[in-house]
Each structure stands twice: as structure tokens, then as C-alpha cells.
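>>> Sequence first, then the predicted structure:
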Amino acid sequence: MDEQVTSRRSARIQAAAPFRMLFGFLRRRAAQEDARREAGVLDFTFGDPHEMQLPAYVEALREAAMPLDDQWFAYKQSEPAAQEAAAASLERVVPLGWTGANLRMTTGGFGAITVAMKAVADPGDEVVYSLPPWFLYEILAIEAGLVPVKVPALQPSFDLDLDAIAAAITARTRIVVVNTPNNPSGRIYPPATLSALSSLLEQASVRHGRRIWLVSDEPYNRIVFDGVDFHSPAQFYPWTMLCYSYGKTLLAPGQRLGYLAVPPGLPETEELMDAVNSLQIAGGWLFPNAVMQYAVPQLEELSIDVPALQAKRDRLVSALREMGYEVTSPEGTFYLWPRSPIPDDEAFVAELERRGVLVMPGALFETPGWFRICLTATAESIEAALPHFAAALKAVRTEPSGQAERSPLGTSL
């Protein structure tokens, strides 16, 4: 008798390196939560809020929670008012003539990417994406029965390596994922790169006799700095599914709200949207709850303070460079992506942790030798952390072996 308790799919997900590291990291972090608070640990790991939510955000949810009829909390799919408000907002960022018919509301960016993958790809198809990635692409692909194909980005610019992407595409390739502005590097891919990628995908689709879809992961497309123009891959390649999350712009990742959109004029729009809708139902009713959808028109008027984020970016980039760190100023998102001063990024992250500063190692993003700092921490926390960044850098430079002691982070995750 087969004594296996769990499915092979769940075992594959749990065995995936990003899953093991991330959720081990989360368990360790949760176990130390009380101690960290008492010790005044400075946390730069996740894009969580470190200050009270915007009052207007709270008021929007409060108003949306007040029922206006007996169907207020009935089953909801994609609410038309939410779709239209989202489409109007997207049009201001990516001007392609969007309407509500081009969007389906989802449970955050997770839900959008999940149904996008399943809507166009079948088990055994390949999904190509660049490293460093958002660390959950692999497990979302595995859950969908797809095969992750990973392509390193160019370093240190972290631009897309188009030659490597082209070489990775096979007859089994169905999806290429692009994340812009990129988490963790903060890179915004320019029009020339996106245009070349479009040509590459079109040629590969013709060569293999099968359409390759592009999934554009864009939760940070409103968080850009220095007046940089953001361009979506959807403006260059019609067969794009654009995935958006409100959790970044509003800094409320616990309130699951997002959407999947396909460009206007795509001949397959109606068929594709029907597929998305059916997958949302089959996946366990993957629609945002009623209150979140009712609030969308008001939420679209709100945003975190992007100039304040830019000021924190400028302060930390300048200070780290003065200390001797190699760090590129991100064009968007709310992360910094410095190079670790020693090859073992996990050991360096452990050195920072011993000094009360928590960041994420590049190994979590399958790109050793770098680390990520989240700028959603307060300006006061950044100032308090600067002496520790300097001390950690000095410590690893004076180690006889040039290596800091590795913490349990590298072995227990």
C-alpha cells in the first residue's frame, strides 16, 4: 500500500529551493518576532508597512463595508465599477485604450499570475523568467504543472539578457515572464529592450508554430523615481497578460486585491477572459472580496508617498556608497539591491543580523553575491541602521579569511 500522505505536486513545491529558503526564513522570523521587537531590531526584509495605514485608505474600506442592499455581500466575481476604475487608472500609466472588459479582478498579484499561467499553458509547457526573480515564480509554475526555465540577467545592470532568453526558448515554451520595475533590482526595462524582446518572441512563435505569451508582472508600475518613464511590455507585444497588485502602491499586502489585464484589440480577448474567469472559479473563487472591490474607485485615488520613498532611497544609496558598498540607484520599486562585500551573501546578511539589522540575502532570489534592503522601513530606522551597515562592512573586511561566520540562515532554510 502506498503510504504517501501528500501529493507529489505539494512535495515538488516544498522541495523547490526558493520555497524552502523563503518559508524557512518566514518561520524563523515569526519565531523571533517578540524578541526582535523587544531588542529594537531594524527590519528591512519585506514590503510591509512600518507606520499606520493612510486614514483615507481605512475610510474607503469602512465606507465600502456598509451594505447598501441585501446583495452587498453576495457572491462576487469581477465587479464592473471596480473594473472600470482600474482600467481608467491603468490607462494613465499604460495608454492603450483599456476598458473594464479588458480586466478581471483578482486576489492580488498572486492570483493574477496564477490564472494567467493556467489560462494559456498546459502541464509540461515551459515558463522562462530571468534571475533574480520574484521568489515565487517557480512554485506558481510548479503548482500549475509547468516547467520553470531560469535565465540569469546581465550583471551588474540587471538588464534582460535577450540572447540568453532567445537561447532558452524551445518548442515547449509557452510563457516568458517579465517583472518591471524589477523586484529586487529596481530596474525599469527601456523601450529598446522591450521592443527587441517583442521581436524575439514573435520570431520564436513563428519558428515553433505556437504563440508564446508574455506575462508582465507590474505591481510597482506606479512606484518610479526621478521622473523616469515607465513602459509596459504590453505596449510592444500584444500577446501580453499584465498582472497588477494594489498591495504595493497602497502598502497593504494583507488586503488581497489586484487584476489581470490583456491589451485592447487582442483578437483572443473574449476567449481568454472566459478562461480566466473559469479558472478563478475552479481555483477556489479567486476573486477579491466584495468590500475590496467596492472600494477600488476610492483606492485608485490613493498612493503611498513616492517622493518620500525616493528621499529614503537617495539617503541610503548615498550613505552606502560613501561606506564603500557597490549599489545601483533603483529606478522604481521600494528596494535596494547592493552587492555583498563578500561572495557569501548569506554570511554577510548574518553579520548584519548579529548587529540587529535584517535584510534578505541574494540567495533567496537565486542570485548569490547580492542582498536586498526594503525601503518601506521608516526614515528613522534607516538612520539608526547606517552605523551597523558600516560596522558590518568593516568586520567582514578585517576577517582573516575575508568571510564572516555563516548563521543558521544558510543551513536551516
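Thanks, I have it.
>>> what's near enough to touch the residue most central in space within the chain?
Centroid-nearest residue in the chain: Trp134, 4.9 Å away (criterion: Cα atoms, centre = their mean). Trp134 sits next to 179, 183, 217 when contact means Cβ atoms under 8 Å, 6 or more residues apart in numbering. Where C-beta positions appear, they are placed from N, C-alpha and C, glycine not excepted.
>>> Looking at the residues you listed, which are in strands?
Cross-referencing those against strands under DSSP state E gives 179, 217.
>>> and of the contacts of Trp134, the nearest to Ala119?
Of all the contacts of Trp134, the one sitting nearest Ala119 is Asp217; the distance, using Cβ to Cβ, is 15.0 Å.
>>> Isn't that closest one up against Val177?
Yes: using Cβ atoms under 8 Å, Asp217 is in contact with Val177, at 6.3 Å.
>>> shared neighbours of those two, which are they?
With Cβ under 8 Å, 6+ apart, Asp217 and Val177 have common neighbours Ile113.
>>> Looking at these two now, which is surrounded by more residues?
Asp217 (27 against 24; other Cβ atoms under 10 Å).
>>> Spell out which residues sit in contact with the more buried one, please.
With contacts defined as Cβ under 8 Å, 6+ apart, Asp217 is in contact with 109, 113, 134, 177-180, 243.
>>> What of Phe389?
319-320, 323, 325, 352, 357.
>>> List buried members of the residues you listed by neighbour count.
Buried by 16 or more other Cβ atoms under 10 Å: 319-320, 323, 325, 352, 357, out of these.
>>> and the closest residue to Pro190 other than its chain neighbours, what does it touch?
For Pro190, ignoring the flanking residues on the chain, the nearest one in space by Cβ to Cβ, 6 or more residues apart in numbering is His231 at 7.2 Å. Residues in contact with His231 (Cβ under 8 Å, 6+ apart) are 188-191, 194.
>>> Check Glu202 too.
If you count contacts by Cβ under 8 Å, 6+ apart, then Glu202 has Tyr237 around it.
>>> same question, the one 4 residues further on
Counting by Cβ under 8 Å, 6+ apart, Val206 makes contact with nothing.
>>> In which helix or strand does it reside?
Following DSSP states H and E, one finds Val206 within helix 191-208.
>>> can you give me the helices for the stretch 1-150 of the chain?
Using DSSP state H, counting those that start in this stretch, the helices of the stretch 1-150 of the chain run over residues 8-15, 17-31, 33-39, 55-64, 80-93, 108-120, 137-143.
>>> re earlier: sort out which of the buried ones among the contacts of Phe389 are in strands and list them.
Checked against DSSP E, the buried ones among the contacts of Phe389 include these in strands: Val357.
>>> what's the closest of the buried ones among the contacts of Phe389 to Pro288?
Ranked by distance to Pro288 (Cβ to Cβ), those are led by Val357 at 35.1 Å.
>>> wait, Gly111 sits on Tyr259?
No: at 9.1 Å, Gly111 does not count as touching Tyr259 under the criterion of Cβ under 8 Å.
>>> who has more neighbours, these two?
Applying other Cβ under 10 Å to Gly111 and Tyr259 shows that Tyr259 carries more neighbours, namely 28 against 25.
>>> Surely that one is within a strand?
Yes: counting by DSSP: H, G, I helix; E, B strand; the rest coil, Tyr259 falls inside a strand.
>>> measure Ala164 to Val151 for me?
Separation of Ala164 from Val151 (Cβ to Cβ, to the nearest Å) stands at 5 Å.
>>> just so I have it, where are all the strands in this protein?
Ranges of strands within the chain are 42-43, 103-106, 126-131, 147-152, 173-179, 213-217, 240-245, 258-261, 335-336, 357-358, 360-361, 371-374, based on DSSP E.
>>> Output those in CSV, with distance to Glu51 and mean pLDDT appended to each entry.
Output for the strands of the chain, formatted as CSV (distance: least, Cβ to Cβ, whole Å; pLDDT from 0 to 100):
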stretch, distance to Glu51, mean pLDDT
strand 42-43, 13, 94
strand 103-106, 27, 97
strand 126-131, 32, 98
strand 147-152, 36, 97
strand 173-179, 26, 98
strand 213-217, 26, 98
strand 240-245, 20, 98
strand 258-261, 23, 98
strand 335-336, 18, 98
strand 357-358, 18, 95
strand 360-361, 21, 94
strand 371-374, 14, 98
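>>> Let me know which of those strands is the nearest to Glu270.
strand 103-106 (12.0 Å).
>>> Who are the packing partners of that closest one?
Applying 3 or more Cβ pairs under 8 Å, 6 or more residues apart in numbering; DSSP states H and E, we find strand 103-106 packed against helix 80-93, helix 108-120, strand 258-261, helix 269-282.
>>> Of these, which stretch is the most buried?
Comparing the helices and strands packed on strand 103-106 by mean neighbour count (mean count of other Cβ atoms under 10 Å), strand 258-261 comes out on top with a mean of 27.
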